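Chemist: The following comprises the amino acid sequence and a computationally predicted model.
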Amino acid sequence: MDVLLQQVINGLVLGSMYALVALGYTMVYGIINLINFAHGEVLMVGALCSWSVIGLLQPLMPNTPGWVLLLISMVVASIAAAALNYAIEKIAYRPLRNAPKLAPLITAIGMSILLQTLAMIVWKPNYKPFPTLLPTTPFEIGEAVITPTQLMILGLTAVALAVLSWLVNRTKLGRAMRATAENPRVASLMGVKPDVVISATFIIGAVLATIAGVMWAMNYGTAHHAMGFLPGLKAFTAAVFGGIGNLGGAVVGGLLLGLIESIGSGYLGEFTGGVLGSHYTDILAFIVLIITLTLRPSGLLGERVADRA
């Protein structure tokens, strides 16, 4: 029971990060029907920018509390990632908006590889230890423990989801996003500028990916040029699992996938008689993807953003 509680806590933390990245996939897909496979690399750039900013600030501000450094680095990294995602949309995707579906998909995969290579050139291919900026003394919940970093991840995710929900459902930009998702041509006749809305969607997705990237680097204590690929792929799985194009589906899919992976890793060896250990956890995400696409291709909540407008 104690192992289960610990795995549930770990699963919620992991699922929170998946949910934030999955929201970027699902928002872009809901509005322009594009799977942005470069989204995982935006997470990586955000994490590495944050690492660089912290490295610059620590000698200059030696007595500054860790959380202040983390906040400053996260804001700077979010701006950098937002500018990058805006540029990706404007340069790589906008000219292909009316092209056959395969063209933007291949472009997205190419952009992903390009960003990984550029990051390897800029930051070098070695693994970078991410500084520990928060206290390390864990809090006990029964027999399980949760670290201050994990608590921050859960809290920050909850705040980010609440702000996004307010933005989509209560603001002028949110209405414009839903109108563009429904029908870009009609929306433009009503005074909405689809290009501005799509750019804003990419920028919001980049900020969410940066938050997830910094939290990922903090949780695992390392950052490197290839760190975005697998979380990006799993977040895409989470988006499909919940229902791609559906914001609630991305969150539900992310949390469930995190729980499945975490609980699975705790009991995988036991269930398979020691044949598969916890290091085979990655297969669980893709088994979930295969089962979902086979039994319920539209996902658990299966509706697009447009249907909610």
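Modeler: Happy to help now that I have it. Residues are numbered from 1 along each chain as shown.
Chemist: elements contacting the host helix or strand of Ser188?
Modeler: When elements are assigned from DSSP states H and E, Ser188 belongs to helix 184-189. For helix 184-189, the elements it packs on are helix 172-182, helix 194-220, judged by 3 or more CB pairs under 8 Å, 6 or more residues apart in numbering; DSSP states H and E. Using the backbone N, CA and C atoms, a C-beta is placed for each residue, glycine as well.
Chemist: so which of those gets nearest Glu270?
Modeler: When the helices and strands packed on helix 184-189 are compared for distance to Glu270 using CB to CB, the nearest one is helix 194-220, at 24.4 Å.
Chemist: quick one: the biggest helix by length in the chain to helix 194-220, angle?
Modeler: Of all the elements of type helix in the chain, the one with the most residues (DSSP state H) is helix 2-32. Helix 2-32 and helix 194-220 meet at an angle of 160 degrees, taking axes from the mean of the first three to the mean of the last three CA atoms, to 10 degrees as the criterion.
Chemist: what about Tyr18, how many neighbours?
Modeler: Counted with other CB atoms under 10 Å, residues neighbouring Tyr18 total 31.
Chemist: Contact partners for the residue lying closest to it once chain neighbours are set aside?
Modeler: Closest residue to Tyr18 apart from its sequence neighbours, by CB to CB, 6 or more residues apart in numbering: Gly254 at 3.7 Å. In this structure, Gly254 makes contact with 15-22, 235, 238-239, 242, judged by CB atoms under 8 Å, 6 or more residues apart in numbering.
Chemist: Now that we have those, can you turn them into JSON lines and tack on distance to Leu189 and pLDDT?
Modeler: Putting the contacts of Gly254 into JSON lines (distance: CB to CB, whole Å; pLDDT from 0 to 100) gives the following:
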{"residue": "Gly15", "distance to Leu189": "40", "pLDDT": "94"}
{"residue": "Ser16", "distance to Leu189": "39", "pLDDT": "94"}
{"residue": "Met17", "distance to Leu189": "39", "pLDDT": "94"}
{"residue": "Tyr18", "distance to Leu189": "38", "pLDDT": "94"}
{"residue": "Ala19", "distance to Leu189": "35", "pLDDT": "94"}
{"residue": "Leu20", "distance to Leu189": "34", "pLDDT": "93"}
{"residue": "Val21", "distance to Leu189": "34", "pLDDT": "94"}
{"residue": "Ala22", "distance to Leu189": "32", "pLDDT": "93"}
{"residue": "Ala235", "distance to Leu189": "35", "pLDDT": "93"}
{"residue": "Ala238", "distance to Leu189": "35", "pLDDT": "91"}
{"residue": "Ala239", "distance to Leu189": "30", "pLDDT": "91"}
{"residue": "Gly242", "distance to Leu189": "32", "pLDDT": "90"}
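Chemist: May I see those residues organised as CSV, with distance to Ala187 added?
Modeler: As requested, these are arranged in CSV below (distance: CB to CB, whole Å):
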residue, distance to Ala187
Gly15, 33
Ser16, 32
Met17, 32
Tyr18, 30
Ala19, 27
Leu20, 27
Val21, 27
Ala22, 25
Ala235, 27
Ala238, 28
Ala239, 23
Gly242, 25
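Chemist: Would you mind writing the PyMOL command to select the buried ones in those?
Modeler: A single PyMOL command suffices to select whichever of those are buried according to 16 or more other CB atoms under 10 Å:
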select buried, resi 15+16+17+18+19+20+21+22+235+238+239+242
